[in-house]
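# Sequence and predicted model, in that order:
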Amino acid sequence: MNVPTPRAATRTTDPFPWLGLLILAGAIFVCVTSEFLPTGLMPELVAGLGVRPSEVGFLVTVYAGTVVVSAPILTSLTRRVPRKTLVIIVLCAFALTNVMVALAPNYEVVVVARIIGGLAHGLFWAVVGAYSAHLVPKAQLGRAVAVTSAGATTAFVLGLPVGAALGHALGWQLSFIVMAITIVILTVLVLFFLPPVNHVHELRTGEISLPGRRDPSVFGVVVLCLIVAIIMTGQNLFYTYIVQYYTDVAGFAGDSVSVMLFLYGGAGAIGLVLVGLVAARFPRASLVIAFSVVAVAVLVIGLVPEHTPLVIAAVIVWGVAFGAGPALLQTRMLHTASARVRDQASAWFTVSFNVGIGGGAFIGGLLYDGYGLGVLPFAEVAVVVLGVGFILLSDRVLQRRRLAAALR
């Protein structure tokens, strides 16, 4: 009887692992939906918990802040634990936290639940962020990341709009219960159908083991993480409060918010398709163009919030451009990091995302309380433009380092 063994990265002649990658996409879907559900339910949470919008925004900040503090430590402590086992553990933790939020008697219990969710989230992305790289050879990474990133896009297409619609119609608690049930179903699929992988990098004959910090790819990973933190800070200082902006500034009716979220998420799906079409051919230009378009679209929203057709068009363009961004960034990370530091690189990549998510939500809350909602889109534009400038500068620096290394 043959006993199945964990898989290393497949050869290019092996069948493309669609089932495993789609299951990973499903896991990412529930993870992203869980993280951002308070954003879509902000009016309901404000009324139900008796807090200010900025305090609901803090639920995003505390979640992301927990990820920042815990992800590298938990990744290091669990580096020898089978990856599939960790995926199952963190999904169970996600289910638990959603039930806790649904049953929470007050705001403080919700905060505790979000902290637990943040602990699971950091470990989840450290594992899942690199999982596709264990399933496919390097030449297929872009394609594999596009498949798994569809989970995040689907969260914005379906997860947040459906969650917001449920919360608006039947109460925010039901949205979190439905989320917990969905996570349990996904956990069962992971248990039975996700292929296990061998994630431990084995040294080749004559190869010397080096500390991770001395790996030649670390500098490029650090630079990329800084770019991610800047871009995500800009995005989330506005997007965290987008529902309030739609209703209070742009004048949309409360029951139309889920439609706007759906439009944004659906546009993101188009952006993800574009990643598969152009990212492999133009990896550097794609990043610069995508985030430059984000800045232009958000600027239009900030300048003419009362012109509904222009706002809707700008939201769609924003969704297309930003929908391509995370997949482009993750693909660059997997190409940049060597195999021996890939899991740690995924952990730090996750940290940088959540520095931006939590920091953006926090800064946005301060700006909201101090200057009002109208300033948020302009703040996003400024930070995203800074991020684009840093991408261009870092590309030149990294290219010079590669040339210098080649001449040694």
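On my side now, so go ahead. Residues are numbered from 1 along each chain as shown.
# How many residues are close by A169?
11 (other CB atoms under 10 Å). Placement of C-beta: from N, CA and C, glycine included.
# where's it, which helix or strand?
Here A169 sits within helix 160-170, counting by DSSP states H and E.
# for G117, phi and psi?
Main-chain dihedrals, G117, degrees, to the nearest 10: phi -60, psi -40.
# Excluding covalently adjacent residues, which one is nearest to it?
T97 (3.9 Å; CB to CB, 6 or more residues apart in numbering).
# was I right about the one you found contacting V111?
No - T97 is not in contact with V111 according to CB atoms under 8 Å; the separation is 11.2 Å.
# Tell me which stretches of the stretch 1-150 of the chain form helices.
Along the stretch 1-150 of the chain, counting by DSSP state H, counting those that start in this stretch, helices occupy 18-40, 42-49, 53-77, 83-103, 107-135, 141-154.
# which other helices and strands contact the strand or helix carrying V351?
Take DSSP H and E as the rule and V351 turns out to sit in helix 342-371. With contacts taken as 3 or more CB pairs under 8 Å, 6 or more residues apart in numbering; DSSP states H and E, helix 342-371 sits against helix 53-77, helix 107-135, helix 218-239, helix 308-336, helix 376-407.
# Nearest to S352, out of those helices?
Minimum separation from S352 across the helices and strands packed on helix 342-371 (CB to CB) falls at helix 218-239, 3.8 Å.
# Next secondary structure element downstream of that closest one?
Proceeding N to C from helix 218-239, the next assigned helix or strand is helix 242-248, under DSSP H and E.
# Report the buried residues of the next helix or strand after that next one.
Next helix or strand after helix 242-248 toward the C-terminus (DSSP H and E): helix 257-274. With burial defined by 16 or more other CB atoms under 10 Å, the residues of helix 257-274 counted as buried are 257-269, 271-274.
# swap in stretch 176-187?
Buried, per 16+ other CB under 10 Å, within stretch 176-187: 176-180, 182-184, 186-187.
# Could you do stretch 25-44 as well?
Buried residues in stretch 25-44 (16+ other CB under 10 Å): 25-44.
# Turn the helices of the stretch 1-150 of the chain into CSV, columns for mean pLDDT and distance to R401.
Shown next, in CSV, are these (pLDDT from 0 to 100; distance: least, CB to CB, whole Å):
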stretch, mean pLDDT, distance to R401
helix 18-40, 87, 32
helix 42-49, 86, 44
helix 53-77, 85, 24
helix 83-103, 92, 31
helix 107-135, 86, 23
helix 141-154, 77, 22
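# Tell me which helix or strand in the chain has the weakest average pLDDT.
Between all helices and strands in the chain, the lowest mean by mean pLDDT, DSSP states H and E belongs to helix 141-154, at a mean of 77.
# re earlier: now for the residue nearest to G117, how many residues are close by?
T97 has 27 nearby residues by other CB under 10 Å.
# how big is the angle separating the helix holding V351 from helix 376-407?
150 degrees (axes from the mean of the first three to the mean of the last three CA atoms, to 10 degrees).
# Give me the angle between helix 342-371 and helix 107-135.
With the same axes, to 10 degrees applied, the angle from helix 342-371 to helix 107-135 works out at 140 degrees.
# what pLDDT, on average, does helix 342-371 get?
On average, the pLDDT along helix 342-371 is 85.
# List the buried residues of that helix.
342-365, 367-368.
# now stretch 374-386
375-381, 383-385.
# can these go into JSON lines with extra columns for distance to F58?
JSON lines is the format used below for these (distance: CB to CB, whole Å):
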{"residue": "V375", "distance to F58": "19"}
{"residue": "L376", "distance to F58": "16"}
{"residue": "P377", "distance to F58": "21"}
{"residue": "F378", "distance to F58": "22"}
{"residue": "A379", "distance to F58": "18"}
{"residue": "E380", "distance to F58": "19"}
{"residue": "V381", "distance to F58": "24"}
{"residue": "V383", "distance to F58": "20"}
{"residue": "V384", "distance to F58": "23"}
{"residue": "V385", "distance to F58": "27"}
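# wait, which of those is closest to R143?
V384 (27.2 Å).
# Not counting sequence-adjacent ones, nearest residue to the closest one?
Using CB to CB, 6+ apart, the nearest residue to V384 is G234, at 4.1 Å.
# ditto for A95
A95 sits nearest to I183 (CB to CB, 6+ apart), 4.2 Å away.
# Does that neighbour touch F29 like I think?
No - using CB under 8 Å, I183 is not in contact with F29; the gap is 9.7 Å.
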